[in-house]
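J.: Please work out how this folds:
(2 chains)
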Amino acid sequence: MINQEKNVRVRFGPSPTGFLHIGGARTVLFNWLFAKSHNGVFILRIEDTNKERSKKEYEEDIINSLKWLGLDWDEGPDIGGNYGPYRQSEKINIYEKYLEQLLNQEKAYYCFCSKEELEIDRQALLSQGLAPKYSGRCRNLSADEVEKKMKIGDKPVIRLKIPDRKIEFQDIIRGKIQFDAGLMGDIIIAKGLNEPLYNFAVAIDDYEMNISHVIRGEEHLSNTPKQILIREVLNLKHPIYAHLPLILAPDRSKLSKRRMDASVVDYKNQGYLSEAIINFIALLGWHPEGEKEILSKEELIKQFNLKKVQKAGAIFDVQKLDWLNSQYIKTINPIRLIEEMENFVPKDWFAKKELLAKAINAEKERIKKLADFKELADFFFELPDYEPLLLKWKNMENNQISNNLKAVKLKLENISENDFNKDNEEKIIMPLAKERGIGDVLWPLRAALSGKQASPGPFEIINVIGKNESLKRIEIALNKLNG
RNA sequence: GGCCCUAUCGUCUAGUCGGCCUAGGACAUGGCGUUCUCAACGCUAAAACACGGGUUCGAAUCCCGUUGGGGCUACCA
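T.: This next block holds a predicted model:
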């Protein structure tokens, strides 16, 4: 059993045609979790056979997003490994070798049908309610005919001869799955000797890289029989398959299709912590034992079980993500939180490290996303202008407000700078507040200190901004009341 | 249209071999509580086995069908 576990090799094969998507991130996570929990190897492979659509910037984004999420790989395009290269575009000669073999063995053939011809065939079949599969027109072209067409300059594609029978395989998550290959038609596996297509490249790579388990999204379920057939005809043994349920948008459509903003960087830029995203996507289609839902990566690894993954698609519920994020914001290391905040606050705030640290501490239970902080905490850095009416609690008279503020001011002035902390302030001011009415004292005080309708409590604010600034703000309030 | 997958509260889900399920938890929602406000927190309420047939002493759990949802159907990946 242990030996077997050591042979676990899984991969994530994104095509660099877009930013790393939440759905992709979840696929990575489950692969990663599966590898880690089986003491296996996780591989990153860039599937860039489509030259037109693949872009370097997307590959960079995928790598950066994965690093940000803390999902590391043991082999990949950036770090290499014993089964490289890890970019399909760099392995053209390998695919070519297999392609030639298939052609020589007459298991694949050149097809010269034009797109127009194919489209006519397709429509004809469709209108009869039949599966639109290739007619097999070029299947039995003689070597002479092929050569002749080649000479004229016709550019052929390469098709694999697909047998007319059922293909069956076992899926870890879904159990037995069956497809009728007879409905497929001879599939195109390459546009030419040095232009392999997706299904072919994947089938070859998974073999060449000695992949033990193919764990991917449900959208690939119907690609599986094609890849099985390709490997079968080449006499390559099969990996074990597991197809994950899709992540859905709230309207139940595939998330990646509708929501162009569902990339990992977008969530990062909104101020979600990577831990929260990991925790959240782990819960999409899978559930730990027991009732604890907030889990670290280590706990996830310990508990993860591919067999317990859900079969039906899961809707991405941003409210739960928000909640998880707020839970992490409240509990992660404060120093780390300050660092994370760098990109979400003005430079001059970030320069005042001590003030920022205190402000974050005072606001952190109010923040769902890091981006929320700036608006909530601006008053710590600069008192906003406000209407005198803000200072009024219920039916208070102006002079009552003034008197209460003056009384508080007097008390605060008597606390020495050294003793200026939250406990002391509370000890000294609360008796006064109880005597004069708690709301009657605390509301005007808090309003004077924050200039806001809603904020942390007055003692917390005083603690953040300090004695001088607090007295200054009370003075401002007093002036507003007089003016 | 064809093929494939799928179906427990609004959402994510628990629900090992059918009985312990008058279906549990979490998010969201409502109510109550708390040293001013906003949060946080605590307590609490409402909220689901899609439908129809079987099998069985007994089904959310097994089988069949219907309906709904999703994916795929490219010389994309």
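
J.: What parts of the stretch 351-483 of chain A come near RNA strand B?
T.: For the stretch 351-483 of chain A, the contact set with RNA strand B under C-beta under 7 Å from any atom of the strand comprises A:365-366, A:393, A:426, A:430, A:438-439, A:442-443, A:446, A:453-459. For the C-beta atoms, the positions are set from N, CA and C on the backbone; glycine is no exception.

J.: I should have written the stretch 1-150 of chain A there, sorry.
T.: Within the stretch 1-150 of chain A, the positions near RNA strand B by C-beta under 7 Å from any atom of the strand are A:13-15, A:17, A:47-50, A:53, A:113-115, A:118, A:122, A:126, A:129-132.

J.: hmm, back to that, make a ChimeraX selection of the buried ones in the residues of the stretch 351-483 of chain A next to RNA strand B.
T.: To isolate the buried members of these in ChimeraX, using 16 or more other C-beta atoms under 10 Å:
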select /A:366,393,426,442,443,446,455,456,457,458,459
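
J.: are any of the residues of the stretch 1-150 of chain A next to RNA strand B buried, and which?
T.: Among these, the ones that count as buried by 16+ other C-beta under 10 Å are A:13, A:14, A:15, A:47, A:48, A:49, A:113, A:118, A:132.

J.: Only alpha carbons, please: show stretch A:390-409 as CSV.
T.: This file holds the C-alpha atoms of stretch A:390-409, laid out as CSV (Å, rounded to 0.1, in the frame of the first residue of the first chain):
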residue,chain,number,x,y,z
LEU,A,390,-23.6,64.1,14.4
LEU,A,391,-22.6,64.7,18.0
LYS,A,392,-26.1,64.6,19.2
TRP,A,393,-27.4,61.5,21.0
LYS,A,394,-31.2,61.2,21.0
ASN,A,395,-32.6,64.4,22.4
MET,A,396,-29.6,66.0,23.9
GLU,A,397,-29.2,69.7,24.1
ASN,A,398,-26.1,71.4,22.7
ASN,A,399,-24.9,72.6,26.0
GLN,A,400,-25.3,69.1,27.5
ILE,A,401,-23.2,67.7,24.8
SER,A,402,-20.6,70.4,25.4
ASN,A,403,-20.6,69.8,29.1
ASN,A,404,-20.1,66.1,28.7
LEU,A,405,-17.3,66.5,26.3
LYS,A,406,-15.6,69.0,28.5
ALA,A,407,-15.9,66.7,31.4
VAL,A,408,-14.3,63.9,29.4
LYS,A,409,-11.6,66.1,28.2
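
J.: Tell me which residues of it come out buried.
T.: For stretch A:390-409, the neighbour count (16+ other C-beta under 10 Å) marks A:390-393, A:396, A:400-402, A:404-405, A:407-409 as buried.

J.: cool, stretch A:137-151 as well?
T.: If you call a residue buried by 16+ other C-beta under 10 Å, then stretch A:137-151 has these buried ones: A:138, A:141, A:146, A:149.

J.: Dihedrals phi and psi, the first one?
T.: Note on residue A:138: backbone dihedrals following degrees, to the nearest 10 are phi -90, psi 10.

J.: In space, what's closest to it - neighbours in sequence excluded?
T.: residue A:111 (4.1 Å; C-beta to C-beta, 6 or more residues apart in numbering).

J.: Kindly report the same for the last one.
T.: What sits nearest to residue A:149 in space, not counting adjacent residues and going by C-beta to C-beta, 6+ apart, is residue A:112, at 5.1 Å.

J.: for that neighbour, what are its contacts?
T.: Contact analysis of residue A:112 by C-beta atoms under 8 Å, 6 or more residues apart in numbering lists A:138, A:141, A:149, A:154, A:156.

J.: returning to what we had before: just curious, which of the buried residues of stretch A:137-151 is nearest to residue A:177?
T.: Residue A:177 lies nearest to residue A:138 out of the buried residues of stretch A:137-151, by C-beta to C-beta, at 30.5 Å.

J.: from memory that closest one sits against residue A:113, does it?
T.: Yes - contact criterion C-beta atoms under 8 Å: residue A:138 and residue A:113 qualify, at 6.1 Å.

J.: ok, back up a step: tell me which of the contacts of residue A:112 is nearest to residue A:36?
T.: Using C-beta to C-beta, the contacts of residue A:112 come closest to residue A:36 at residue A:156, 45.1 Å.

J.: Return the residues in contact with that closest one.
T.: A:110, A:111, A:112, A:138, A:146, A:149, A:150, A:192.

J.: Can you report how many residues neighbour residue A:306?
T.: Close neighbours of residue A:306, defined as other C-beta atoms under 10 Å, add up to 19.

J.: ok, now how distant is it from RNA strand B?
T.: Applying C-beta to the nearest atom of the strand, to the nearest Å, the value for residue A:306 to RNA strand B is 12 Å.

J.: State the distance from that residue to residue A:266.
T.: 28 Å (C-beta to C-beta, to the nearest Å).

J.: thinking again about what came up before, can you redo the buried residues of stretch A:137-151 as TSV, where the extra columns are secondary structure and pLDDT?
T.: Shown next, in TSV, are those (DSSP: H, G, I helix; E, B strand; the rest coil; pLDDT from 0 to 100):
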residue	secondary structure	pLDDT
A:138	coil	94
A:141	coil	93
A:146	helix	93
A:149	helix	93
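
J.: Report the buried residues of the longest helix anywhere in chain A.
T.: Identified as the longest helix of chain A according to DSSP state H is helix A:458-482. Judged by neighbour count (16+ other C-beta under 10 Å), helix A:458-482 contains these buried residues: A:458-465, A:467, A:469-470, A:473-474, A:476-478, A:480-481.

J.: quick one, what contacts the residue in the stretch 351-483 of chain A that RNA strand B sits nearest to?
T.: Residue nearest to RNA strand B within the stretch 351-483 of chain A (C-beta to the nearest atom of the strand): residue A:457, separated by 2.7 Å. The neighbours of residue A:457, taking C-beta under 8 Å, 6+ apart as the test, are A:442, A:446.
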